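Q: can't give you the sequence, but here's the structure:
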């Protein structure tokens, strides 16, 4: 079924875009930066409005999405690939990436076969020892809310995704069932100091986390 991605995501993300950028700035600086060395080549797979990749400090920054409007949201030095992430990544060389990051992307793919194709492309393009970091809504903890989004299609838990990653050639470094709240960057605008505090206190993850975090390695 054809979906007008520009219209869908502008309605979903546009009204809160400035706060989302600020939250992702904290998420990157206070948590995800530990996985990124300064000379790294990083791909944001299913980049949305580029909130992650725009906040990353790395030598090479790449972004991939099917929404053509995403390009206008990216920093000038971020190279954009307008394509389906489950199709061959012809523009990215084998063994060229240090990190592939994806947040709330795989649930939008049509089926597990498409997810597997995306995982295999990730594996092909990562350097040996390179990492895949995946976040997404955990169906165990948002069973009904998961289906509130028109384009959600494939549900996952941290364990089912980890199993799929292993089946497609990855090893698992970290598997967290409860990481971020389901609506970290939408709804109520909590002060950014609260975001910093949340990241620093993992016991809060177990109380409020509804998204999984899986870190896999080639």
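A: Looks like it arrived, so ask away. This is a predicted model, so every value here is computed, not measured. Numbering: from 1, shown residues only.
Q: for the helix or strand harbouring residue 131, packing partners?
A: Residue 131 is part of strand 126-137, with elements assigned from DSSP states H and E. If you count contacts as 3 or more Cβ pairs under 8 Å, 6 or more residues apart in numbering; DSSP states H and E, strand 126-137 packs onto strand 97-103, helix 112-125, helix 158-167, strand 211-217. The C-beta positions use only the backbone N, C-alpha and C, and glycine is treated the same way.
Q: Please tabulate those in JSON lines, including the columns mean pLDDT.
A: Shown next, in JSON lines, are those (pLDDT from 0 to 100):
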{"stretch": "strand 97-103", "mean pLDDT": "97"}
{"stretch": "helix 112-125", "mean pLDDT": "97"}
{"stretch": "helix 158-167", "mean pLDDT": "97"}
{"stretch": "strand 211-217", "mean pLDDT": "97"}
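Q: closest to residue 53 out of those?
A: Minimum separation from residue 53 across these (Cβ to Cβ) falls at strand 97-103, 7.6 Å.
Q: what angle separates that closest one from strand 211-217?
A: Interaxial angle, strand 97-103 versus strand 211-217 (axes from the mean of the first three to the mean of the last three Cα atoms, to 10 degrees): 160 degrees.
Q: what angle separates strand 97-103 from helix 112-125?
A: Going by the same axes, to 10 degrees, strand 97-103 makes 150 degrees with helix 112-125.
Q: Which neighbours in the sheet does strand 97-103 have, and how are they oriented?
A: Here strand 97-103 has these sheet partners by DSSP bridges: strand 41-45 (parallel), strand 126-137 (parallel).
Q: Give me the contacts around stretch 165-180.
A: With contacts defined as Cβ atoms under 8 Å, 6 or more residues apart in numbering, stretch 165-180 is touched by 27, 116, 119-120, 123, 131-132, 134-135, 138, 140-141, 157-159, 162, 205-206, 208-218.
Q: ok, and the helix or strand in this structure with the lowest average confidence?
A: Least confident element among the helices and strands of the chain, by mean pLDDT, DSSP states H and E: helix 5-13 (a mean of 47).
Q: from what I can see residue 44 touches residue 50, true?
A: Yes - counting by Cβ atoms under 8 Å, residue 44 touches residue 50, with 6.7 Å between them.
Q: Report the set of residues contacting both of those two.
A: residue 63.
Q: more crowded one of these two?
A: Legend: neighbour count by other Cβ atoms under 10 Å for residue 44 and residue 50, higher for residue 44 (28 against 23).
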